[in-house]
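Peer 1: Next comes the sequence, and after it the predicted model I'd like to discuss.
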Amino acid sequence: MSKLDNIDLMKTLDKSKMHHLVTHLPEQIYFGYFESSVDLNNSDQSNEYENCGEVKGENLFGKHKFSNIIISGMGGSAISADIIKVLFSSFIPINIVKDYNFSTPSPGSLHKNGEKSPHINGVEQGEGVVDKIVNNKTLYIIISYSGNTEEAIECCKQALNETSNVIVITSGGKLKDIIEDFQSKSENNISYFDTFRMPSLIIVPSGLPPRAAIGYLFFAILRVLEKLNIVPDHSKEVKHLIPNLMKKAGPLCWATETKFNLAKSSAEVIFPKIPIIYSSSPFLAPVAYRWKCQFNENGKMPAFSNSIPELCHNEIEAYENENYSKNIIPIFLRTFSDKDVYQRLVNSFQSLLRKKNINYLEFYGDNHIQGADKISLLDIFTLIYLGDIISFYLGILNGVDPYTINNINYIKSKNFDEN
């Protein structure tokens with residue numbers, strides 16, 4: 001019998017019920033988008049499921065008044081920002097800060113008078129420093145599920161020193177205190193766009209590891225952007241997404257035998273090799289990164305990610321040496337809307353792997369409309385759902401509790417002790 005068909009063993013290892021958290025993403029999305037209620041004019045939010053996404057009031061802006069968005073977040077909280085950028089950068093410039101500072105100047109970034117010019121610090125893997133000037137029409141969104149993330153707290157303080165155009169999304173912690181204190185003491189500095197109050201605080205349900213709160217965090221941002229008329233309404237797309245994921249829950253859960261279970265069988269192919277997750281285009285790069293991080297945190301194993309076309313200019317040469325490649329399992333994440341140029345590169349790469357007798361896995365998002373002109377929520381979240389559940393089974397195969405993050409907690413404790 002497969003180890004993954006021993007439900008008693010899995011229950012013994014899964015002390016904190018991570019299996020329940022990863023398989024119940026559809027429910028979280030439903031509450032996060034349709035049943036939640038956030039009044040950005042009033043931070044007094046009491047009901048747990050009325051705290052993460054819906055902004056009361058219609059057509060608050062007409063045409064939105066922001067020039068760009070900067071989102072600050074780290075780890076499991078930041079993946080939602082990565083996805084937002086991929087989906088909506090065509091509507092408004094979006095930069096992501098994964099650091100302590102909004103305004104660490106890049107080398108050579110100077111005004112004519114020799115002073116350093118403000119800009120946004122390095123954001124995504126491989127992107128480096130973004131020379132984006134901050135102005136009084138910049139919208140800051142700070143995401144920290146716990147509310148106690150050092151980097152997010154520092155960025156929030158910096159943003160409030162510059163503007164009141166700040167939205168904080170959190171379950172509580174120090175960030176909640178900072179915004180509430182600002183609102184109570186600085187009434188004269190609070191901005192009102194029609195009836196919309198800045199800075200604003202969005203409280204999401206607490207008690208989860210940040211990586212398991214993506215449904216709340218992502219859809220909180222989405223609902224805010226919708227209500228500010230920055231992006232169009234996505235209710236129809238979300239209504240299609242939720243039942244799609246619910247249909248997958250049974251076939252992927254631990255009650256379904258490995259031979260009938262895509263997540264279990266995939267985990268067994270991956271284990272004990274080192275997975276490298278490849279996105280078929282830059283648009284899926286945040287999803288590949290999500291898989292990598294979930295394999296790290298839930299699976300307790302090394303994992304890496306990269307994207308077409310960049311990997312074809314460097315990483316592909318790593319497969320020349322069998323001493324390394326024999327310990328690697330490439331995983332390709334694709335969509336049916338991939339452009340021809342991306343499809344050709346992926347197919348060529350896979351042809352090379354077959355030539356070298358290197359096995360690989362391949363998964364597609366569930367949007368089956370070939371030739372679609374953009375990636376969809378369905379593509380992104382069907383792949384995320386599968387990857388999250390695979391990561392749980394990898395933790396079981398490694399004989400660990402997928403929930404615990406002992407090494408992360410060690411680093412945090414050392415850092416707090418030294419400060």
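Peer 2: That came through fine. From a predicted model like this one, the values you see are computed outputs, not experimental measurements.
Peer 1: residues touching the residue nearest the centre of the chain, list them.
Peer 2: Most central residue of the chain, judged by C-alpha distance to the mean C-alpha position with C-alpha atoms, centre = their mean, is I79 at 1.7 Å. Neighbour list for I79: 211, 214, 286, 289-290, 293 [criterion: C-beta atoms under 8 Å, 6 or more residues apart in numbering]. C-beta coordinates here come from the backbone N, C-alpha and C atoms, glycine included.
Peer 1: Show me the shaky parts of this protein.
Peer 2: Applying pLDDT under 70 to the chain flags the ranges 36-64, 103-133, 186-198, 368-373, 416-419.
Peer 1: where exactly do the strands run in it?
Peer 2: For the chain, applying DSSP state E gives strands covering 68-72, 94-97, 138-144, 166-170, 191-193, 196-198, 200-203, 274-279, 304-307, 328-334, 361-364.
Peer 1: Output those in a markdown table; the columns should cover distance to E154.
Peer 2: As requested, the strands of the chain are exported to a markdown table (distance: least, C-beta to C-beta, whole Å):
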| stretch | distance to E154 |
| --- | --- |
| strand 68-72 | 9 |
| strand 94-97 | 10 |
| strand 138-144 | 10 |
| strand 166-170 | 13 |
| strand 191-193 | 22 |
| strand 196-198 | 20 |
| strand 200-203 | 18 |
| strand 274-279 | 30 |
| strand 304-307 | 27 |
| strand 328-334 | 33 |
| strand 361-364 | 37 |
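Peer 1: for those, which one sits closest to L378?
Peer 2: strand 361-364 (11.0 Å; C-beta to C-beta).
Peer 1: which residues are contacting the closest one?
Peer 2: When contacts are defined by C-beta under 8 Å, 6+ apart, strand 361-364 is touched by residues 266, 269-270, 329-336, 350, 383, 386.
Peer 1: if we can go back for a sec, so which of the contacts of I79 is the closest to S376?
Peer 2: Proximity of the contacts of I79 to S376 (C-beta to C-beta) peaks at P286, which lies at 13.8 Å.
Peer 1: Return the residues in contact with the residue nearest to the closest one when sequence neighbours are not counted.
Peer 2: The shortest distance from P286 to any residue that is not its chain neighbour, by C-beta to C-beta, 6 or more residues apart in numbering, is 3.6 Å, and that residue is D82. Listed by C-beta under 8 Å, 6+ apart, the contact partners of D82 are 96, 124, 285-286, 289-290.
Peer 1: Could you check how far D82 is from A285?
Peer 2: Remark: distance between D82 and A285 (C-beta to C-beta, to the nearest Å) = 8 Å.
Peer 1: same check, this time on K356
Peer 2: Computed with C-beta to C-beta, the distance linking K356 and A285 is 25 Å.
Peer 1: can you pull out the helices in the stretch 1-150 of the chain?
Peer 2: With DSSP state H, counting those that start in this stretch applied, the stretch 1-150 of the chain shows helices at 7-13, 18-23, 25-30, 75-88, 150-162, listed in chain order.
Peer 1: To K247, which of these lies closest?
Peer 2: Across those (criterion: C-beta to C-beta), the nearest stretch is helix 25-30, sitting at 9.1 Å.
Peer 1: how about that closest one: buried residues?
Peer 2: 25-26, 28-30 (16 or more other C-beta atoms under 10 Å).
Peer 1: And stretch 9-27, by the same measure?
Peer 2: Buried residues in stretch 9-27, defined by neighbour count with 16+ other C-beta under 10 Å: 10, 13-14, 18-19, 21-26.
Peer 1: how long is it end to end?
Peer 2: Taking C-alpha to C-alpha, to the nearest Å, stretch 9-27 runs 26 Å from one end to the other.
Peer 1: What lies in contact with that stretch?
Peer 2: Defining contact as C-beta under 8 Å, 6+ apart, one finds that stretch 9-27 is touched by 3-4, 208-209, 212, 214-215, 242-243, 245-246, 249, 252-254, 298, 381, 384-385, 388-389, 391-392, 395-396, 399-404.
Peer 1: Apply the buried test to the residues you listed and list what passes.
Peer 2: Those of those that meet the buried threshold are 3-4, 208-209, 212, 214-215, 242, 245-246, 249, 252-254, 298, 381, 384-385, 388-389, 391-392, 395-396, 400-404, by 16+ other C-beta under 10 Å.
Peer 1: Q28 contacts Y216, doesn't it?
Peer 2: Yes: with contacts counted by C-beta atoms under 8 Å, Q28 reaches Y216, the gap being 6.1 Å.
Peer 1: and Y360, how far is that from L352?
Peer 2: When C-beta to C-beta is the yardstick, Y360 and L352 sit 10 Å from each other.
Peer 1: Settle it for me: which of those two has more neighbours?
Peer 2: The neighbour count for Y360 versus L352, taken as other C-beta atoms under 10 Å, is higher for Y360 (16 against 13).
Peer 1: and the closest residue to the more buried one other than its chain neighbours, how many neighbours does it have?
Peer 2: Distances taken as C-beta to C-beta, 6+ apart put P330 closest to Y360, at 4.1 Å, once the chain neighbours are dropped. Summarising burial for P330: neighbours were counted as other C-beta under 10 Å, giving 21.
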